[in-house]
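Participant: Fold the following, please.
(2 chains)
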Amino acid sequence: MTATQAARKQSLTSKASNYLDERTSISGAVSFLGRKIFPDHWSFMLGEVALYSFVAILISGTFLTFFFDPSMTHVPYEGSYVPLKGIGMSVAYHSALDISFDIRGGLLMRQVHHWSALLFVASIGLHMLRVFFTGAYRKPREINWVIGFLLFILAMAEGFTGYSLPDDLLSGNGLAIINGMVKGIPLIGTWISYFFFGGLFPGTAIVPRLYILHIMLLPAILIASLGLHMLLLIINKHTQFAGPGRTKGNVVGSPIMPVFAAKAGGFFFLVFGAIMLIASLVTINPIWNYGPYDPSPVSAGTQPDWYIGFADGALRLVPPGWEVELFGYTLTIAILAPMAVMGVFLVLVAFWPFIEAWITGDKREHHMADRPRNNPTRTAIGAAGIIFYAVMWAAASSDLMATHFSLNVFYVIHVLQALLILGPIIGFWLTKRIAIGLQKKDREMVLHGFESGRIVRKPGGEFIEVHQPVDEYERWRLTSFDAYEPTKERPNSAGRITAGTKIRGSLSRWFFEDRITPVTKSELEQSKHDH
Amino acid sequence: MTAHENADATPHGDALDKIDTGSAVVTDDGFENPGFPPHKPRQTDLDPQKEKRAERQVFGWFLLSMVGSVFAIVAYFAFPITESDLGSVRLNNLFLGLGLSLGLLGIGFGAVHWARQLMSGEEIAEDRHLTRGTEATRARAVEIFKLGDEESGFSRRSLIRNSLIAALALFPLPAVFMFRDIAPKEDAVEAIAHTMWEAGTRLALDPTGTPIKADDVTIGSAFHVIPFGMDNHAHDYLDQKALAVVLLMRLPAEDLNEVEGRRGWSYDGIVAYSKICTHVGCPVALYEQHTHHLLCPCHQSTFDVTNHAAVIFGPAARPLPQLPIAVDDEGYLVAQSDFTEPIGPSFWERQNHVNNDEHVQVLGQNTEDRA
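Facilitator: Numbering: from 1, shown residues only, chains lettered A, B, ... in the order given. Coordinates of the predicted model:
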């Protein structure tokens, strides 16, 4: 029976499928992707939240472009928000007000757009933390980590350009700060600012320029990177946590058709629905309260959106007087130092997979997600990084902390300055100890079982608590992880120990000196004999 | 099912053996993977009534979704926005949003419930393969590149290859130059180094533009000031304002610790300072009357007005530039000149634009910890 004969007898669906396949060979894609397996774990949803909030951003953003006008031409306000009537403002701010007050559902879409943008960056951040703490960036996924990092940066860039578009007082003030930071760049800063703003700050060019970046250039790069991110996800397949039946050679979970598609598709509607619910109940960025941009007024307690907070906080933590005159030129260390610190931090994040791979020298593919405790040093580094970021982030609210808790804002800053240095060190040490402690507990469980809560009195009068051995499934979960030991610094073929080898050796010691190895069969045998 | 194989085995086991494990500890003494635990059926797998109930629940969610979507359309018309009525905006936002939320959440909960309760609950294993291509594929890829090289002569004909690379490197360069005109032709540094203030410009209130008489400035007051005669319809109104805004304060004259050379810059306890922070350029808008401190709300740089706005806290490195002022024949406050140094955040060429004839340096900072 040929394909055409078969098609004649069959239903409309199969006719349509046949029509499509004969023109697109789509059956190949369906058979390749249709039963692809996606493992299940709550933490794997974080990346999905990012993806779906991005879709919500695209949908709401497209709606907004139909009404928003990015021009900075000065006009008197003629819309329906009474307190601003007759006040001079840019067309951009006017149209943002019109969207809020004169377009049905306009305010809703603005709020959906803003809330989903906040969620987008937040979920990317959490997704990155999940990938970091489970070591899911190891070979073969290093490149996808870098692409993901790029997506994180793009998301923040989208956030900042979007924040600047309504041309209200806060957004203009954010641009004023950017202008000040750009001017601090040695040699070319003044000119970069001049080019960026098309002349003096604020000028009349910046909002249209940011608009093009915000709705065309950045989204194009973002969508392309996102496509690549997904493509590599499919090629590399998803990581999974260790568990009975799960090996390095398989991936266990639900097939795309139908379970994963239904769950993921349903989850998209849940994420979008949750954003919509928040947007209909909670006001965000009430631009009408701030008024149009004017370089003169600013209110106390100004805050950037949360994801820019770390940069703003870094600026606040600089002590007074960090500026140098050099051969008649000015070096603004007060701006360069925080920019350098943030730059180094971000570069370390971006290249972390390669650094770790260099230290371990492990060239195998890794598909099993680590439990964070099973790599104590990595987990401790992650914790130190989180604290470092969080202190900078908290510093962006130093004034609010001071007013809300009636503290002296100067002391708040001093405490945060100390925390920026001490916090990561303490956090590193504490996390490492906790992780090793948890590993010890796991060993104990495997070797001696768990406390059953059953107290038995022995004939001699001694009370003991009966320990129940873990079953083989649990034992597998607790013992199947990669263990490392410090590398030995061996001479190369020329008989020399290079500086690189030495650095690697000391990093490796730092990483793996304190370590707990998984329980082996013979250890378990041994412990049984001991009893 | 590969579950019972040794944990290290993959379909490419041989290839894996050769891979460098670095400092990883590889042991033969590990436990064996016990394989999948027995599948636990769900309530809906065992009890047809529960299955039926789950089906009804899914239907219920989808029905709710439909109700929500229809309600959203109704709400769009039933809660219109009436001009000048903020309450109507709120209601439109609320009910349209609630309808849409229900429309979305109903589909979401229904689909997830369907997947969890009614679709096959059994986990499936799929084999992994090494990411790299098979040896045959890789060999073919190398061969293709070699063929491409041979057939084009890319390696052999180095003259045309190198000239192609040079041409490709040069062709985007014009684009870089074409962006020159995204800023005006004037010199950037000149443009930001000066403000509208000049000798005799009256100080006026922001935003009304009313000139200020010295007598009207009472002790303890602070005024937001712009140069008199600014045209707020001019295309560069905000640009000029961003450079020229000034904060005017009157202190008891004895509270001012004025340095030699700047004594003539104030008038009877009235002083004027640029309002743009020397850190990154926020308006330094908060004046604390009893301590005579100016606080920048953005990054908490704090300036002491009694000491020529020296920095006493925060990331700013320089005092706020002072505008030398005087009084004209009619008793109005006027500027004696432009600022003697560039206002606002530091920039590379700043030093070249300090007016050395007029400028009087003051102490950069004077750190103290009182708020």
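Participant: Under the pLDDT cut-off, which ranges of chain B? List them.
Facilitator: Low-confidence segments of chain B (pLDDT under 70): B:1-17, B:363-371.
Participant: Domain boundaries for it, per the record?
Facilitator: B:43-117, B:136-178, B:194-353 (automatic domain parsing).
Participant: Buried deepest among the ones you listed, which one?
Facilitator: domain B:194-353 (a mean of 20; mean count of other C-beta atoms under 10 Å in any protein chain shown). Using the backbone N, CA and C atoms, a C-beta is placed for each residue, glycine as well.
Participant: tell me which parts of the stretch 401-531 of chain A are close to chain B?
Facilitator: A:408-411, A:413-414, A:472-473, A:475-476, A:479-480, A:482-487, A:508, A:512, A:517-523 (C-beta under 8 Å from any C-beta of the partner chain).
Participant: Sitting in strands, which of those residues do you find?
Facilitator: With strands taken from DSSP state E, the overlap with those comprises A:483-484.
Participant: related to what we said a few turns ago, and the domains of chain B as CSV, adding distance to B:Glu186?
Facilitator: Listed next are the domains of chain B as CSV, based on distance: least, C-beta to C-beta, whole Å:
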stretch, distance to B:Glu186
domain B:43-117, 45
domain B:136-178, 18
domain B:194-353, 12
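Participant: Which stretch among those approaches A:Ile87 most closely?
Facilitator: domain B:194-353 (9.8 Å; C-beta to C-beta).
Participant: chain center to that closest one: distance?
Facilitator: Put simply, domain B:194-353 sits 28 Å off its chain's centre (C-alpha atoms, centre = their mean, to the nearest Å).
Participant: Quick check: A:Gly180 touching B:Gly344?
Facilitator: Yes - using C-beta atoms under 8 Å, A:Gly180 is in contact with B:Gly344, at 7.1 Å.
Participant: Please give me every residue in contact with the nearest residue to B:Asp20 once chain neighbours are set aside.
Facilitator: What sits nearest to B:Asp20 in space, not counting adjacent residues and going by C-beta to C-beta, 6 or more residues apart in numbering or on different chains, is A:Lys363, at 4.3 Å. Neighbouring residues of A:Lys363 by C-beta atoms under 8 Å, 6 or more residues apart in numbering or on different chains: A:139, A:357, B:19-22.
Participant: what residues are up against B:His353?
Facilitator: B:189, B:193-194, B:341-342.
Participant: Dump these into JSON lines; add distance to B:Ile165 and secondary structure as well.
Facilitator: Below are the contacts of B:His353 laid out as JSON lines (distance: C-beta to C-beta, whole Å; DSSP: H, G, I helix; E, B strand; the rest coil):
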{"residue": "B:Val189", "distance to B:Ile165": "38", "secondary structure": "helix"}
{"residue": "B:Ala193", "distance to B:Ile165": "43", "secondary structure": "helix"}
{"residue": "B:His194", "distance to B:Ile165": "47", "secondary structure": "coil"}
{"residue": "B:Glu341", "distance to B:Ile165": "50", "secondary structure": "coil"}
{"residue": "B:Pro342", "distance to B:Ile165": "45", "secondary structure": "coil"}
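Participant: Break down chain A into its strands, ranges please.
Facilitator: With DSSP E as the criterion, chain A has strands spanning A:37-38, A:74-76, A:88-90, A:240-241, A:250-255, A:324-326, A:329-331, A:368-369, A:450-457, A:463-468, A:483-484.
Participant: how about the ones you listed in JSON lines, adding mean neighbour count?
Facilitator: Formatted as JSON lines, these follow (neighbours: other C-beta atoms under 10 Å in any protein chain shown):
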{"stretch": "strand A:37-38", "mean neighbour count": "22"}
{"stretch": "strand A:74-76", "mean neighbour count": "14"}
{"stretch": "strand A:88-90", "mean neighbour count": "22"}
{"stretch": "strand A:240-241", "mean neighbour count": "22"}
{"stretch": "strand A:250-255", "mean neighbour count": "21"}
{"stretch": "strand A:324-326", "mean neighbour count": "11"}
{"stretch": "strand A:329-331", "mean neighbour count": "18"}
{"stretch": "strand A:368-369", "mean neighbour count": "22"}
{"stretch": "strand A:450-457", "mean neighbour count": "10"}
{"stretch": "strand A:463-468", "mean neighbour count": "12"}
{"stretch": "strand A:483-484", "mean neighbour count": "19"}
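Participant: Those: which one's closest to A:Leu222?
Facilitator: Using C-beta to C-beta, the nearest of the strands of chain A to A:Leu222 is strand A:37-38, at 23.3 Å.
Participant: Summarise which helices and strands the closest one is packed against.
Facilitator: strand A:250-255, strand B:124-127 (3 or more C-beta pairs under 8 Å, 6 or more residues apart in numbering or on different chains; DSSP states H and E).
Participant: partner strands of that strand, parallel or antiparallel?
Facilitator: Strands that pair with strand A:37-38, judged by DSSP bridges, come out as strand A:250-255 (antiparallel).
Participant: List the contacts of the strand it pairs with.
Facilitator: So strand A:250-255 is in contact with A:34-40, A:237-238, A:240, A:243, A:245-246, A:260, A:263, A:367, B:2-3, B:36, B:123-128, going by C-beta under 8 Å, 6+ apart.
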